[in-house]
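1. Fold the stuff below for me.
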Amino acid sequence: MGLVTWTAVFALPNLRDAPEDVAASLNGLIGADLQRKVRPLLAQSGWNFEEAWPEDHGWHSEAAVIDEGKTIVASFVTSPEVETVEPNDRAPDDRWRIVIGLDVGMFAKTKARRSDLLRALARDAETACCTAGARGFVWEYGGSETSGLAKAW
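-> As a prediction, this is how the structure comes out:
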């Protein structure tokens, strides 16, 4: 398997998790409100991520993706950029992080095809977050930072 994850950080003010989401979160990592705002926008692009649940790395959701008859899983995680939370249940400085992931496979043709799927998810995730009000996107892939889709790929 070749699981590949990409991370983006950005500013998005006025997000605040509900008290029950904060209570359910693990390690104090909020992000449920961001999931609720972005998932419906991703669904408009065909990414049907399920209801999110708390994990130790943030709020996690998955979507089944069909690739040449095989079902694979795309992951979508939301959390504050830094692993702390303000007392008012907001991310410090309104800075957020999303992480997307997909198993791109082992063979060259599979990797190429699924890498295209991951790029499409990244494009759609950035568009959805910006539609929700996000600004200043910076994508990280393989340890290097790039800003905007044109520079990222």
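2. just the helices in this structure please.
-> Using DSSP state H, the helices found in the chain span residues 19-24, 32-43, 108-131, 149-152.
3. Format the ones you listed as TSV; extra columns: mean pLDDT.
-> Converted to TSV, the helices of the chain look like this (pLDDT from 0 to 100):
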stretch	mean pLDDT
helix 19-24	88
helix 32-43	96
helix 108-131	95
helix 149-152	45
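4. and Ser75, which of the ones you listed is closest to it?
-> Nearest to Ser75, of all the helices of the chain, is helix 108-131, at 9.5 Å by CB to CB. Heads up, the C-betas are built off the backbone N, CA and C, glycines and all.
5. tell me which strands and helices the closest one is in contact with?
-> Helices and strands touching helix 108-131, by 3 or more CB pairs under 8 Å, 6 or more residues apart in numbering; DSSP states H and E, are strand 3-11, helix 32-43, strand 58-67, strand 70-80, strand 95-103, strand 135-141, helix 149-152.
6. Comparing the ones you listed by mean pLDDT, which bottoms out?
-> Ranked by mean pLDDT, the helices and strands packed on helix 108-131 bottom out at helix 149-152, which scores a mean of 45.
7. which parts of stretch 108-127 are buried?
-> 110, 114-115, 117-118, 121-122, 124-127 (16 or more other CB atoms under 10 Å).
8. Against Asp17, how distant is Ser79?
-> 11 Å (CB to CB, to the nearest Å).
9. Oh, that last question was meant for Pro54, not what I typed.
-> From Pro54 to Asp17 the distance is 10 Å (CB to CB).
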